[in-house]
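Student: starting from these lines, generate the structure:
(one chain, ligands or ions: 1)
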Amino acid sequence: MNILVTGARGQLGMSLAERAASLPKPVPLLLTDLEELDITDPLAVGQFFLEHRPGQVINCAAYTAVDRAETEQESAFRINALAPGILGQACQKYGARLIHLSTDYVFNGDSDRPYREDDPTDPQGVYGISKRDGERAVLDAAPESVIIRTSWLYSEYGHNFVKTMLKLGQEKDELRVVNDQFGSPTYAGDLALAILNILAEGARFPRGIFHYANQGVTTWHGLAEAAIQAAGLPCRVIPIPTSEFPTPTRRPAYSVLDTSRLHLLLRQGIPAWQDSLRHCIRQLQ
Ligand SMILES: NC(=O)c1ccc[n+]([C@@H]2O[C@H](COP(=O)([O-])OP(=O)(O)OC[C@H]3O[C@@H](n4cnc5c(N)ncnc54)[C@H](OP(=O)(O)O)[C@@H]3O)[C@@H](O)[C@H]2O)c1
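Tutor: Here you go, the predicted model:
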């Protein structure tokens, strides 16, 4: 059975390809990104399904520039909201299972306990709204789909907060990072293994929304400091309030995801964020 990965040159797509290839029994994936398959183009998606007949589809493609989305609304909605519906329709038509990725930014961040899958969504910016609409489009078109919400994703690949901190930590003596936004960092390599686990279960895996993030809670300051320390950089990380670092999109103050639903179903545990961060930094070094 063919397994299609969209957005395969992004962080999660790259991690998925790497993990799938290094399993004792490697899992072959049809890796596509914008050049091979533009998921916003219904004709191209239809043609691809007709030719390759994927049995499972992992949608790693997304518009992920959170702040830029405020001024590029059309692109954000086309890629994050419209396209997942197009993939969902194709999956429904051809009997494929869709695994779609979403985000903690569908919540408003006002909670005082980890967000559960069925908590009401209330996204605060264009990116979050477009991802929330994408979830709805997927479930409307293909109700058997699996949606995985994740948070604070980083990896060895592409652009992400951890790599940015390591780069700045080499250039500067001091970094100022917000310490009043709480969340759970997620190493894309761990999420990729969880997705491979779900793929292996096939139709036995229950449909619906699931949360995946590494275990434990920190702030952006805590994550930056741990990354700088793990890399052995002589840079001080100063905590600052969000008010000293304004961004075009309001970030949730608290976006911890309750992962217990998925934790129970996965064959492997979910690593603590500190362990996975150290692993990623060793890989980068
Ligand atoms: N990054 C995070 O912190 C974070 C946090 C929570 C949830 N998530 C979610 O996790 C998933 C994976 O995120 P990621 O960080 O791996 O994203 P990413 O690194 O930005 O990768 C997304 C990939 O999709 C491609 N793409 C864009 N438009 C496309 C189209 N029309 N057709 C096909 N491919 C297209 C991008 O190409 P270009 O680079 O050329 O645009 C890129 O290669 C996304 O659903 C994201 O919303 C991410």
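Student: now do the SS call for residue 48.
Tutor: Each residue gets one of three states, and residue 48 gets helix by DSSP: H, G, I helix; E, B strand; the rest coil.
Student: wait, it sits on residue 38?
Tutor: No: applying Cβ atoms under 8 Å, one finds residue 48 not in contact with residue 38, separated by 9.8 Å. The way it works is simple: take the backbone N, C-alpha and C, and place the C-beta from them, glycine included.
Student: these two - which one has more neighbours?
Tutor: Higher neighbour count among residue 48 and residue 38: residue 48, with 22 against 19, using other Cβ atoms under 10 Å.
Student: what's the closest residue in space to the more buried one that isn't next to it in sequence in contact with, if anything?
Tutor: Using Cβ to Cβ, 6 or more residues apart in numbering and skipping residues adjacent in sequence, the residue nearest residue 48 is residue 37, 5.3 Å away. Contact partners of residue 37, counting by Cβ atoms under 8 Å, 6 or more residues apart in numbering, are 4, 6, 44-45, 48.
Student: list buried residues within those residues.
Tutor: 4, 6, 45, 48 (16 or more other Cβ atoms under 10 Å).
Student: quick one: pLDDT of the third one?
Tutor: pLDDT for residue 45: 98.
Student: just the C-alpha atoms of the helix or strand containing residue 139, please, in PDB.
Tutor: Element membership for residue 139, per DSSP states H and E: helix 126-141. What follows is helix 126-141, C-alpha atoms only, in PDB (Å, rounded to 0.1, in the frame of the first residue of the first chain):
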ATOM      1  CA  VAL A 126      -5.100  34.100  11.300                       C
ATOM      2  CA  TYR A 127      -2.800  31.100  11.500                       C
ATOM      3  CA  GLY A 128      -4.800  29.500  14.300                       C
ATOM      4  CA  ILE A 129      -8.100  30.200  12.600                       C
ATOM      5  CA  SER A 130      -6.900  28.700   9.300                       C
ATOM      6  CA  LYS A 131      -5.700  25.500  11.100                       C
ATOM      7  CA  ARG A 132      -9.000  25.200  13.000                       C
ATOM      8  CA  ASP A 133     -10.900  25.600   9.700                       C
ATOM      9  CA  GLY A 134      -8.500  22.900   8.200                       C
ATOM     10  CA  GLU A 135      -9.500  20.500  11.000                       C
ATOM     11  CA  ARG A 136     -13.200  21.100  10.300                       C
ATOM     12  CA  ALA A 137     -12.700  20.600   6.500                       C
ATOM     13  CA  VAL A 138     -10.900  17.300   7.100                       C
ATOM     14  CA  LEU A 139     -13.600  15.900   9.400                       C
ATOM     15  CA  ASP A 140     -16.400  17.100   7.100                       C
ATOM     16  CA  ALA A 141     -14.800  15.500   4.000                       C
END
